[in-house]
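>>> sharing a sequence plus its predicted fold:
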Amino acid sequence: MVGKPQTSKQAEVQRIIDALSRAIAQHRLRPGTRLVEAQIVDALKANRNHVQAALQRLALQRIVTIEPNRGALVAQPSAAEARDVFAARRAIERGIVESITPEAMRRHRQRVTTHVHNERKATNATDRREIVRELSEFHLMLGDICGNRVLSEILANLMVRSSLIVALYQRNDVPSCASDEHEEILDALSEGDHERAVRVMVEHLDELESQLDLEDESAPEVDLREALSGL
Ligand SMILES: [Zn+2]
């Protein structure tokens with residue numbers, strides 16, 4: 001199609017990226033799931049070229065892996081990558097928390113109040129997807145409130161990768177964020193107590209990481225000469 005504005009293509013690719021990222025973040029698509037282009041085209045009423053472009057962008061973001069001859073799969077981060085993602089979250093979320101002023105908290109009071117209400121409601125119910133969504137929404141909300149688009153974009157990527165990591169390495173199936181820690185961070189931010197907000201956030205992220213089983217290193221070293229001798 002000639003003359004279709006570039007922006008509409010970009011918007012369409014972004015729509016597909018958002019839908020796939022959401023499905024991954026909510027554990028509807030598990031690590032290692034094959035992402036068959038034709039099925040995505042069908043499910044999202046999208047154009048095949050746009051789906052391909054979206055998958056390539058997600059591959060650059062380490063959310064999808066594209067394997068020659070096998071096509072696209074939902075990424076399966078290694079234990080080492082999982083540790084790096086959590087180290088990055090500590091750095092980024094510390095930066096986010098440090099840049100949120102009490103004025104910004106006041107400006108976003110409605111959204112914060114609604115979120116606290118929804119998070120409590122979700123954690124008191126049993127819809128696991130809803131709980132996962134609300135708990136991760138807390139972190140994304142702080143990214144928005146801080147007003148730094150670069151920090152919030154990096155965080156959005158790290159949050160999707162965290163969902164993959166939780167799906168792969170979480171020791172038990174209980175959603176991991178503690179809501180009272182979330183609320184303590186919000187209280188500290190409203191009071192302008194950055195020191196406390198940063199301390200609770202870092203402890204919170206340490207706690208999330210400690211619930212993961214990251215000891216299992218990848219395949220043990222194999223001596224190929226020995227394994228292949230006599231064949
Ligand atoms: Zn949390």
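Sure thing, it's come through. Note that the structure is a prediction, hence the values are computed from the model and not measured. Numbering: from 1, shown residues only.

>>> need the contact list for M105.
112, 145, 186, 189-190 (Cβ atoms under 8 Å, 6 or more residues apart in numbering). The way it works is simple: take the backbone N, C-alpha and C, and place the C-beta from them, glycine included.

>>> repeat that with 7 Å
Neighbouring residues of M105 by Cβ atoms under 7 Å, 6 or more residues apart in numbering: 112, 145, 189-190.

>>> please enumerate the strands of the chain.
Ranges of strands in the chain, per DSSP state E, are 34-35, 64-67, 71-74.

>>> please work out which of those strands is packed deepest.
strand 71-74 (a mean of 19; mean count of other Cβ atoms under 10 Å).

>>> partners of it in the sheet?
strand 34-35 (antiparallel), strand 64-67 (antiparallel) (DSSP bridges).

>>> now the first one, how far from the centre of its chain.
With Cα atoms, centre = their mean, to the nearest Å as the basis, strand 34-35 stands 18 Å off its chain's centre.

>>> thinking again about what came up before, closest to R48 out of the strands paired with strand 71-74?
strand 34-35 (12.9 Å; Cβ to Cβ).

>>> ok, back up a step: adding distance to E209 and mean pLDDT, write the strands paired with strand 71-74 out as CSV.
Output for these, formatted as CSV (distance: least, Cβ to Cβ, whole Å; pLDDT from 0 to 100):
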stretch, distance to E209, mean pLDDT
strand 34-35, 28, 96
strand 64-67, 23, 95
